[in-house]
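Novice: Build me a structure from this.
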Amino acid sequence: MNILCTYIIFGLLKASFVAARWSTWGAWGHCSVTCGRGTMVSHRTCSHHGSCDGSSSRTSHCHPRTHTCPPVDGHLTAWGHWGSCSATCQGTRTRTRVCHPPEHGGAPCGGSTVETSGCGASHCPVNGGWSGWNHPSACSVTCGGGVRTRTRACNHPTPANGGHQCPGVSHMSEHCNENHCPVNGVLLAWGDWSPCSVTCGSGSRVRSRACIPPKYGGLNCTGPLFEINNCIQVPCQTPPAGVACPSCTEHIKCTWNTTCHVSDICMVRSLSITGFKFTTHCIMKDDCLLLKMLANKTHGEVFCCPDENCVRALIVQ
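Specialist: Model prediction:
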């Protein structure tokens, strides 16, 4: 029984190996294109499904000749993504695209397949730069010397990413309006009053002040430089009256219009040789006494009258 089974199994296996073979290749199919270069496929079958070695189809190029293909220009694909930057400051990066080549005499691709650009500039240190000086400000004064200022800004460009600040100063000062300011005249304080013009009774006194003159077109002083004021002293005492001593004509017409000083007397002198009865005038007492002593009766006589009664008695008035 075992021997019989063995023969049966062996026979079946042998029949299986003999049956698994390829058929001949079939005819070529139609070309995949009607012009230019295409492909065509041929098939074969295995006599025992799934047991034959190799492929059940084959491919071959084909060139149909019944039609002439129109030219196809080369064309570029879209750009790919940018590559990474070569440096963090002022580096470069690239991107690429593919050119599909022309066919049938078409034009080649127009443009490059590689593009390069700068990168990283936004991270570079930027040193600051000054703007120009602006117009000066108004002078701090209109005369006498003042100051005006100018400013500038560190924004041309503004420092960035750790760049240096602008060197130097952002403002400067200069002198202005150095012309002299007008100085008005100035009155000084009043001086002391002068002594009173009299020692007794009512008089006057004066005081003054000085004017410092104006300069550089200033205004003159306004107001008086002198001031007069009344002053009252102690009441005056009436001095003792001197002797009355008249003035007389040759006709003995006398006018009592003269009063001698208190220290004088009225001298009456007879001058008979002259044709006049007498003459009168004021004289100091000592001088009168001396003349009286020296007088000669032949040349008249001298009388020294200390009062008016004496004078009237001599001139008989």
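Novice: What residues sit buried inside stretch 132-146?
Specialist: Using 16 or more other C-beta atoms under 10 Å as the test for burial, stretch 132-146 gives Cys139. Just so you know, the C-beta spots here come from the backbone N, C-alpha and C atoms, and that holds for glycine as well.
Novice: What mean pLDDT does it get?
Specialist: Averaged over stretch 132-146, pLDDT sits at 92.
Novice: Name the residues that touch it?
Specialist: 147-152, 172, 174-182 (C-beta atoms under 8 Å, 6 or more residues apart in numbering).
Novice: Farthest pair within those residues?
Specialist: Farthest-apart pair in the contacts of stretch 132-146 is Arg152 and Pro182; separation 36.0 Å (C-beta to C-beta).
Novice: Who has more neighbours out of those two?
Specialist: Arg152 (17 against 13; other C-beta atoms under 10 Å).
Novice: quick revisit: filter the contacts of stretch 132-146 down to just the ones in strands.
Specialist: Among these, the members found in strands (DSSP state E) are 147-151, 172, 174-176.
Novice: quick one on the thing from earlier: give me the buried entries from the contacts of stretch 132-146.
Specialist: Here, 16+ other C-beta under 10 Å leaves 148, 152, 176-177 buried among the contacts of stretch 132-146.
Novice: Which of the contacts of stretch 132-146 sits closest to Gly129?
Specialist: Using C-beta to C-beta, the shortest approach to Gly129 within the contacts of stretch 132-146 belongs to Arg152, at 10.4 Å.
Novice: what's the spacing between the closest one and His175?
Specialist: 19 Å (C-beta to C-beta, to the nearest Å).
Novice: Likewise for Ser202?
Specialist: The gap separating Ser202 from His175 is 62 Å, by C-beta to C-beta.
Novice: mind listing the strands for the stretch 151-300 of the chain?
Specialist: 171-176, 186-187, 202-208, 211-212, 226-232, 247-248, 254-255, 264-270, 279-284 (DSSP state E, counting those that start in this stretch).
Novice: The residue nearest in space to the middle of the chain: which element?
Specialist: Central residue of the chain (C-alpha atoms, centre = their mean): Ser137, 2.6 Å from the mean position. Secondary structure assignment for Ser137, by DSSP states H and E: no helix or strand.
Novice: For the remainder of this discussion, apply numbering that starts at 3.
Specialist: Sure, I'll start counting at 3 from here, so that last one is Ser139.
Novice: Relative to Asn157, how far out is it?
Specialist: Distance from Ser139 to Asn157, by C-beta to C-beta: 20 Å.
Novice: and what of Lys217?
Specialist: Distance from Lys217 to Asn157, by C-beta to C-beta: 48 Å.
Novice: correct me, but Gly31 touches Gly40?
Specialist: No - Gly31 is beyond contact range of Gly40, at 10.8 Å (criterion: C-beta atoms under 8 Å).
Novice: quick one: low-confidence ranges for the stretch 153-302 of the chain?
Specialist: Residues of the stretch 153-302 of the chain that meet the criterion pLDDT under 70 lie in 241, 252, 273-279, 298-301.
Novice: got the contact list for the closest residue to Cys121 other than its chain neighbours?
Specialist: Spatial nearest neighbour of Cys121, chain neighbours left out: Cys87 (3.9 Å); criterion: C-beta to C-beta, 6 or more residues apart in numbering. Neighbouring residues of Cys87 by C-beta under 8 Å, 6+ apart: 93-95, 121-122.
Novice: Trp258: which of these is nearest?
Specialist: Gly122 (136.2 Å).
Novice: if I read this right, that closest one contacts Cys91, doesn't it?
Specialist: Yes - using C-beta under 8 Å, Gly122 is in contact with Cys91, at 5.0 Å.
Novice: Let's have the ones in strands among the contacts of stretch 134-148 in JSON lines, adding distance to Cys262.
Specialist: Shown next, in JSON lines, are those (distance: C-beta to C-beta, whole Å):
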{"residue": "Val149", "distance to Cys262": "84"}
{"residue": "Arg150", "distance to Cys262": "87"}
{"residue": "Thr151", "distance to Cys262": "91"}
{"residue": "Arg152", "distance to Cys262": "94"}
{"residue": "Thr153", "distance to Cys262": "97"}
{"residue": "Met174", "distance to Cys262": "94"}
{"residue": "Glu176", "distance to Cys262": "88"}
{"residue": "His177", "distance to Cys262": "83"}
{"residue": "Cys178", "distance to Cys262": "83"}
